[in-house]
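Enquirer: Sequence first, then the predicted structure:
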Amino acid sequence: MVSLHTPVMVEEVLYYLSPRKGGVYVDCTLGTGGHALAILEKTEGKVKLIGIDWDEEAIKIASQRLKNYRERVRLVRANFTRVEQVVKEQGLQKVDGFLYDLGISALQLDDFKRGFSFRKVAPLDMRMDTQQSITAEYLVNNLPQRELENILWEFGEERWARRIAEFIVKEREKHSISTTKELIDVLRKAIPAKFRRGKRIHFATRVFQALRIAVNRELDNLKMGLKVAVDLLSPGGRICVISYHSLEDRIVKREFKKVEGKELLLLTSRVVRPSREEIRTNPRSRSAKLRAAQRL
Ligand SMILES: C[S@@+](CC[C@H](N)C(=O)[O-])C[C@H]1O[C@@H](n2cnc3c(N)ncnc32)[C@H](O)[C@@H]1O
């Protein structure tokens, strides 16, 4: 059974994107198509949608899910940093709205073989785009100790980053670290017992998050993607970004601020959060932060 991702803050996305008749909208993080479906349903035949995802599996599922809207939808497997090319290939110059719903989908997290979850034994993979060559296994077994430490510290805010990097390097001198379980065994040795127990989050959470961000170059992609998107927006067009991590939100805030008043009008002076009710029914939404802007 595949996991359909439950889209987050759908009402808010529709409000800020505010799709207009005849407009072209790009969902840069299509996933299993939850937001895309909501946009298509809501606009009753009045808009076109381009859906982008670099995960082949996501594209397959979304195209099945959106099949009733085939004439209005184009789905493309690509990194969203290539959105300009994708849009031009559709014969378009400008776009009326962009949606980014960052991070990984339930489809990816729940497919244990892909190594995003520390709850099952799986290869240390973590690629969202399975055609990419760099995996978490590659980083863990090849990066210099200092670089590993930086990744864990910066992308995971992991306080034991230095010790973990040290233990990883010691362990990989004996044998390569190839599975989620092997990595967790190293973490168990590196993180002192009293910091492993009784915490609100599992002791592997931050390390797995950091490696995932590094493998998929998530922050670089976001920075580059947003710049390109702002350039492609038509006057009055909207951009709406949902992030799940403070580093991502900082990038969105900064990129918007840089062009505020010149290219963009900020629609959300403060970040928008999911309602209590949404967090109760979909706990995965709890860290979501939405920011939106309009092209001047
Ligand atoms: C949180 S999910 C989106 C879920 C979607 N909104 C839905 O309703 O099903 C994020 C998706 O973005 C994709 N993604 C992340 N970074 C990407 C990038 N640089 N280029 C293309 N797709 C990306 C992931 O593969 C994943 O499927």
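Expert: Arrived safely.
Enquirer: where along this protein do the strands fall?
Expert: Using DSSP state E, the strands of the chain run over residues 24-27, 48-53, 73-77, 95-101, 233-243, 264-266, 289-295.
Enquirer: Using PDB, list the CA coordinates for the longest one.
Expert: Going back to what we said before, that points to strand 233-243. Output of strand 233-243 as PDB, limited to C-alpha atoms (Å, rounded to 0.1, in the frame of the first residue of the first chain):
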ATOM      1  CA  LEU A 233       6.200  35.300 -12.000                       C
ATOM      2  CA  SER A 234       3.800  37.500 -13.900                       C
ATOM      3  CA  PRO A 235       2.800  40.900 -12.300                       C
ATOM      4  CA  GLY A 236       0.300  40.100  -9.600                       C
ATOM      5  CA  GLY A 237       1.400  36.500  -9.600                       C
ATOM      6  CA  ARG A 238       1.800  34.700  -6.200                       C
ATOM      7  CA  ILE A 239       4.400  32.500  -4.600                       C
ATOM      8  CA  CYS A 240       3.600  30.400  -1.600                       C
ATOM      9  CA  VAL A 241       6.100  28.400   0.400                       C
ATOM     10  CA  ILE A 242       5.500  25.900   3.200                       C
ATOM     11  CA  SER A 243       8.700  24.900   5.100                       C
END
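Enquirer: helices or strands next to that strand in the packing?
Expert: Where contact means 3 or more C-beta pairs under 8 Å, 6 or more residues apart in numbering; DSSP states H and E, strand 233-243 is packed against helix 10-17, strand 95-101, helix 218-232, helix 246-259, strand 289-295. All C-beta spots, glycine's among them, are computed from the backbone N, C-alpha and C.
Enquirer: relative orientation of the fourth one and strand 289-295 in degrees?
Expert: Meaning helix 246-259. Angle between the axes of helix 246-259 and strand 289-295 is 20 degrees (criterion: axes from the mean of the first three to the mean of the last three C-alpha atoms, to 10 degrees).
Enquirer: Kindly report the same for the third one.
Expert: With the same axes, to 10 degrees defining the directions, helix 218-232 sits at 30 degrees from strand 289-295.
Enquirer: roughly how far apart are the residue nearest to Asp125 when sequence neighbours are not counted and Arg163?
Expert: Leaving out its chain neighbours, the residue that sits closest to Asp125 by C-beta to C-beta, 6 or more residues apart in numbering is Gly115, at 3.8 Å. Gly115 sits 23 Å away from Arg163, going by C-beta to C-beta, to the nearest Å.
Enquirer: Can you pick out the residue with more neighbours from these two?
Expert: Neighbour count, other C-beta atoms under 10 Å: between Gly115 and Arg163, Gly115 has more, with 27 against 17.
Enquirer: contacting residues around the residue nearest the centre of the chain?
Expert: The centroid of the chain falls nearest to Gly103 when counting by C-alpha atoms, centre = their mean (2.2 Å). Going by C-beta atoms under 8 Å, 6 or more residues apart in numbering, Gly103 touches Glu218, Ser243, Tyr244, His245, Glu248.
Enquirer: picking that back up, packed most tightly, which of the helices and strands packed on strand 233-243 would that be?
Expert: strand 95-101 (a mean of 26; mean count of other C-beta atoms under 10 Å).
Enquirer: Is there proximity between it and the ligand?
Expert: Yes: counting by C-beta under 6 Å from any ligand atom, contacts between strand 95-101 and the ligand involve Asp101.
Enquirer: for this structure, which spans come out with low pLDDT?
Expert: Scanning the chain for pLDDT under 70 picks out 1, 198-199.
Enquirer: Got the domain ranges for it?
Expert: 10-107+218-295, 133-215 (automatic domain parsing).
Enquirer: Out of these, which gets nearest to Lys120?
Expert: The closest of the domains of the chain to Lys120 is domain 133-215. By C-beta to C-beta, the value is 7.0 Å.
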